[in-house]
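> compute the structure for the input listed below.
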Amino acid sequence: GQGHVLASLLEKHPRVRGVLLDLPGVVAKADPRLRDGGPLADRAGIVPGDCREAIPVDADLYIIKNILEWDDESTRRTLRNVRGAARPGARVVIIENLVDDSPSMKFTTAMDLLLLLNVGGAKHTKESLVSRMTEAGLVVGEIRPVNAYLHAFECTVPE
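Have a look, this model is predicted:
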């Protein structure tokens with residue numbers, strides 16, 4: 001994304017540093033607070049790249065938000081890349097819309113159809129996402145709703 005979540009986290013936690021990784025065309029339009037001259041630029045890095053190819057970032061916490069909606073192989077590759085980049089004990093938080101029975105079902109179902117038609121992808125159920133995370137070698141912990149539309153999956157990289 002353009003780093004709005006990262007900027008919000010950096011504003012709330014003055015000792016935290018962060019890196020925004022996304023496709024070159026996306027990070028070119030990064031949140032102005034993160035770019036050179038922005039108030040958070042000294043604590044933020046911006047890295048153009050494709051998480052389906054590699055994760056060139058070493059971090060204590062990886063946040064993945066609303067991107068695991070491609071075809072299954074791209075989702076699997078992304079999760080394996082996170083697992084490969086992360087050191088043992090690192091945390092991974094995955095925030096996604098689900099097609100489970102929830103107040104957001106109509107919205108998520110519409111998004112699911114758009115993804116299927118446009119990129120061959122789909123939204124996940126809780127079980128399908130947990131399955132992909134486990135296959136990638138992540139240890140899934142707590143799963144909780146963020147709001148009516150999003151769920152957060154807290155994972156760790158095994159020691």
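
> okay, buried residues for stretch 129-139 please.
Residues of stretch 129-139 classed as buried: 129, 130, 132, 133, 136, 138 (neighbour count, 16 or more other Cβ atoms under 10 Å). Where you see a C-beta, it was placed from the backbone N, CA and C, and this is true even at glycine.

> any weak-confidence spans in the chain?
100-123 (pLDDT under 70).

> mind listing the strands for it?
18-22, 44-48, 61-65, 91-96, 139-145, 151-156 (DSSP state E).

> alpha carbons only: can I get the last one in CSV?
So that's strand 151-156. Written as CSV, here are the backbone C-alpha positions of strand 151-156 (Å, rounded to 0.1, in the frame of the first residue of the first chain):
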residue,chain,number,x,y,z
HIS,A,151,-9.7,-9.9,10.8
ALA,A,152,-6.2,-10.0,12.2
PHE,A,153,-4.2,-13.2,12.3
GLU,A,154,-1.3,-13.1,14.7
CYS,A,155,1.5,-15.5,13.8
THR,A,156,5.1,-16.2,14.7
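
> what's near enough to touch residue 10?
16, 17, 18, 33, 34, 40, 43, 44 (Cβ atoms under 8 Å, 6 or more residues apart in numbering).

> let's go with 6 Å and repeat that
By Cβ atoms under 6 Å, 6 or more residues apart in numbering, the contact set of residue 10 is 16, 18, 40, 43.

> state the pair within the residues you listed that is farthest apart.
Taking Cβ to Cβ as the measure, those reach their widest spread between 16 and 40, a distance of 10.0 Å.

> looking at those two, which has the bigger crowd around it?
With neighbours defined as other Cβ atoms under 10 Å, residue 16 and residue 40 compare such that residue 40 has more, 22 against 15.

> re the thing from before, among the buried residues of stretch 129-139, which ones are in helices?
Taking DSSP state H as the definition of helices, those contribute 129, 130, 132, 133.

> residue boundaries of the helices in the chain?
Going by DSSP H, the chain shows helices at 4-12, 24-27, 72-85, 105-119, 126-135.

> as a markdown table, those with distance to residue 158 would be great.
Listed next are the helices of the chain as a markdown table, based on distance: least, Cβ to Cβ, whole Å:
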| stretch | distance to residue 158 |
| --- | --- |
| helix 4-12 | 25 |
| helix 24-27 | 30 |
| helix 72-85 | 9 |
| helix 105-119 | 30 |
| helix 126-135 | 11 |
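
> and those helices, which is most packed in?
Highest mean neighbour count of the helices of the chain: helix 72-85, a mean of 18 (counted as mean count of other Cβ atoms under 10 Å).
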